[in-house]
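>>> Need a 3D model of the following:
(one chain, ligands or ions: 1)
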Amino acid sequence: MTFISDILSLTPEELGKYIAGTGEKPFRTKQILKWLHQKRAASFDAMSDIPLGLRERLKSDFSFEHIKPVRVLESPADGTVKLLFELCDGNHIETVLMSYEHGDSLCVSTQAGCKMGCRFCASTIAGFRRNLEPCEILGQLYETERATGRKVSSIVLMGIGEPLDNFDNVVKFLRILSSPDGTDMSLRHVSLSTCGLVDRIYDLAALDFGLTLSISLHSPYDEKRSELMPVNNRYHIPELMKACRDYFAKTGRRISFEYALIEGENDSYGDAKALVGLMKGMPAHINIIPVNKIKERSYRSDRASAQRFCKLLCGLGANATVRRTLGADIDAACGQLRREYEGADKNTEV
Ligand code: SAH
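Numbering: from 1, shown residues only. Modelled structure (predicted):
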């Protein structure tokens, strides 16, 4: 199975080039793009104002597959929706729709599985399967809106996988998402979360997309961070912070730091002081998350400790908040739903 030729993975420019190559009139490009990104056609046959001959040609040159929601869990408490999607090759990924005052935000996956090996993360335990194609990242948005009837106003690349480890496809997704002929969403409404692939942070800064960069930091000390996040052996904290400062200098966007608080691991006064020290002279926001329990590890913390740690940081002059806990009643830490489903009898789960 090849995903390269899925029509939803093409940027508007690429589709334009293809149409020019067929000898069709240029306005056909806009017509097709409208079917794909605005009207969200379910098939080539639904594109009723495209001549039959061109539709047949598209069918033979491209696939147009759709990822399928196989589980949809909605929280009655706060409206959070977790969706488990099946990809065309049988892999599974998770997507979460969260409701905020400013609108609905969608957390999308960028890989099936993950190879980064963070100790506290369920997404990485089952290992890495493959990168997602642009159409599969975009498909999470389109199929979530279709399944829930809700309109997404912002996107966070913070689901399963490391977005900067699938750089080219993520960049292509961002190009389609932000193009006025594509989804037409401003990248000001997009955040990308990374465990800290420094080389790619420089590449992203050079593209100057204007999106918010979130860094999963989780400890201000190299030794502890390397223990929690093996990627830190490749890129140490000083290198990472240098890349963050460069990102801010190039884009003017404040960096957000994610900090999963873990009892006895990264929650001391010394941790708070060192963390604030790292952020000196740089507009940053620290997002404290009480670590989500996963069954393979004994890491724990609670909201009260997160609030205490947050107060410590604010007292030391940092800009920090505790992340709102959403969907607690349907909780499965990111990556758990997929693992449970793949290990379970699918017929009883749908
Ligand atoms: N690979 C990217 C994005 C996916 S992880 C990254 O590392 O940023 C999304 C966020 O969830 C990251 O901040 C990650 O560190 C955090 N995370 C993973 N497992 C967690 C857990 N059990 N509890 C709290 N946060 C967790």
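
>>> show me where the stretch 1-150 of the chain has helices.
Listed in chain order, the helices of the stretch 1-150 of the chain (DSSP state H, counting those that start in this stretch) span residues 12-22, 27-33, 52-61, 122-125, 134-148.

>>> Which strands or helices does the fourth one pack on?
Taking 3 or more CB pairs under 8 Å, 6 or more residues apart in numbering; DSSP states H and E as contact, the helices and strands that helix 122-125 lies on are helix 336-342. Yep, even glycine has a C-beta here, placed from its N, CA and C like the rest.

>>> Any buried residues in the helix it packs on, and which?
The neighbour-count criterion (16 or more other CB atoms under 10 Å) identifies 336, 337, 338, 339, 341 as the buried residues of helix 336-342.

>>> With distance to the ligand as added columns, please give those residues in a markdown table.
Compiled in a markdown table, these are given as follows (distance: CB to the nearest ligand atom, whole Å):
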| residue | distance to the ligand |
| --- | --- |
| 336 | 9 |
| 337 | 13 |
| 338 | 13 |
| 339 | 13 |
| 341 | 18 |
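
>>> Next, the angle from the longest strand along the chain to helix 134-148.
When secondary structure is assigned using DSSP state E, the longest strand within the chain turns out to be strand 92-100. If you take axes from the mean of the first three to the mean of the last three CA atoms, to 10 degrees, strand 92-100 sits at 50 degrees to helix 134-148.

>>> Please name the strands paired to strand 92-100 in the sheet, noting orientation.
Using DSSP bridges, the neighbouring strands of strand 92-100 in the sheet come out as strand 81-86 (antiparallel), strand 103-108 (antiparallel).

>>> looking at those strands, which is closest to the ligand?
Distances from the ligand to each of the strands paired with strand 92-100 were compared by CB to the nearest ligand atom, and the smallest falls on strand 103-108, at 8.1 Å.

>>> ok now that closest one, how far from the chain's centre?
Centroid separation for strand 103-108 versus its chain: 10 Å, with CA atoms, centre = their mean, to the nearest Å.

>>> cool, stretch 111-125 as well?
A distance of 14 Å separates the centroid of the chain from that of stretch 111-125, by CA atoms, centre = their mean.

>>> Could you pull up the mean pLDDT of that stretch?
Mean pLDDT, computed over stretch 111-125, is 94.

>>> quick one on the thing from earlier: for the buried residues of helix 336-342, which one is nearest residue 23?
residue 338 (44.6 Å; CB to CB).

>>> For the nearest residue to residue 172 once chain neighbours are set aside, list the residues it contacts.
Using CB to CB, 6 or more residues apart in numbering and skipping the chain neighbours, the partner closest in space to residue 172 is residue 134 (4.3 Å). When contacts are counted by CB atoms under 8 Å, 6 or more residues apart in numbering, residue 134 is found next to 8, 9, 169, 172, 173, 176.

>>> among the residues you listed, who's most crowded?
Neighbour count (other CB atoms under 10 Å) singles out residue 173 as the most crowded of those, with 31 neighbours.

>>> need the residues of this protein near the ligand, please.
Listed as neighbours of the ligand in the chain under the rule CB under 6 Å from any ligand atom: 116, 118, 120-121, 158, 162, 193-195, 216, 258, 260, 289, 291-292, 294, 333-334.

>>> Point out the ones among those that are inside strands.
193, 194, 216, 258, 260, 289.

>>> on that earlier part again, what average pLDDT does the longest strand of the chain get?
Confidence over strand 92-100, taken as the mean pLDDT, stands at 95.
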